[in-house]
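Enquirer: Sequence below, structure please.
(one chain, ligands or ions: 1)
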Amino acid sequence: MTSACDRIDPYHPSDAPSDESFDIESAEAYVASTAVRCGGCRHRTEVICLYCRAGTACGEPLECFTLHEIHGVDRALAQQLGRWPAFRLDERYGAYVNHCTHCNAVHADLHSEPQLPFYDIAGSSAVVLTRLHGTIRLNGDYSVDI
Ligand SMILES: [Zn+2]
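Expert: Reported below is the predicted structural model:
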């Protein structure tokens, strides 16, 4: 049996077949949101990312991890993410990224450096967590909190 994790297909994220399998699952998932000042238009704009207190990636249990490079979500998660329309699949990135609500500039990397808002979600007082319903299923990358 081939693991879904063996599949590498980052270039066709949006036309996923209905029987698509998902590598990452979490029944304790949150939308982490905060505001950043847009480098394009200087307005403040809301940005989000997905954060899980517990879940699995390719069947391996994980705790407290942040999702990025999300390129596929199941229908239930897509519906919940509809509340944050500025966070959407962008073909140039092949993944979900945040867009400025004023000028549509992309805010792609909000987690990789300590000064970025989603570097330490659990330790940040500026980040608000909104619980997602049910079990979320998606394909993407993740980083585990230290
Ligand atoms: Zn902007």
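Enquirer: The strand or helix carrying L138 pairs with which strands?
Expert: Element membership of L138 [criterion: DSSP states H and E] is strand 136-144. The pairing partners recorded for strand 136-144 under DSSP bridges are strand 24-37 (antiparallel), strand 60-73 (antiparallel).
Enquirer: Let me have these in CSV, extended by distance to the ion.
Expert: Just so you know, the C-beta spots here come from the backbone N, C-alpha and C atoms, and that holds for glycine as well. Supplementary listing: the strands paired with strand 136-144 in CSV, determined by distance: least, Cβ to the ion, whole Å:
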stretch, distance to the ion
strand 24-37, 9
strand 60-73, 21
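Enquirer: Buried residues, the strand holding L138. List them.
Expert: Neighbour-count burial for strand 136-144, counted by 16 or more other Cβ atoms under 10 Å, picks out I136, R137, L138, N139, G140, Y142.
Enquirer: what would the strands paired with strand 136-144 look like in TSV with mean pLDDT and mean neighbour count?
Expert: Below are those laid out as TSV (pLDDT from 0 to 100; neighbours: other Cβ atoms under 10 Å):
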stretch	mean pLDDT	mean neighbour count
strand 24-37	98	19
strand 60-73	96	18
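Enquirer: CSV for these, including distance to A95?
Expert: Shown next, in CSV, are these (distance: least, Cβ to Cβ, whole Å):
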stretch, distance to A95
strand 24-37, 13
strand 60-73, 5
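Enquirer: which stretches of this protein aren't confidently modelled?
Expert: Scanning the chain with the threshold set as pLDDT under 70 gives 1-19.
Enquirer: what residues are up against the closest residue to D74 other than its chain neighbours?
Expert: Nearest residue to D74, sequence neighbours excluded (Cβ to Cβ, 6 or more residues apart in numbering): R137, at 4.2 Å. Shown in contact with R137 (Cβ atoms under 8 Å, 6 or more residues apart in numbering): F22, I24, E25, V73, D74, A76, L77.
Enquirer: and the fourth one, bridged to which residues?
Expert: For V73, the beta-bridge partners under DSSP bridges are L138.
Enquirer: My read is that it contacts L81, right?
Expert: Yes. Using Cβ atoms under 8 Å, V73 is in contact with L81, at 6.8 Å.
Enquirer: who touches both of these two?
Expert: Joint contacts of V73 and L81 (Cβ under 8 Å, 6+ apart) are Y96.
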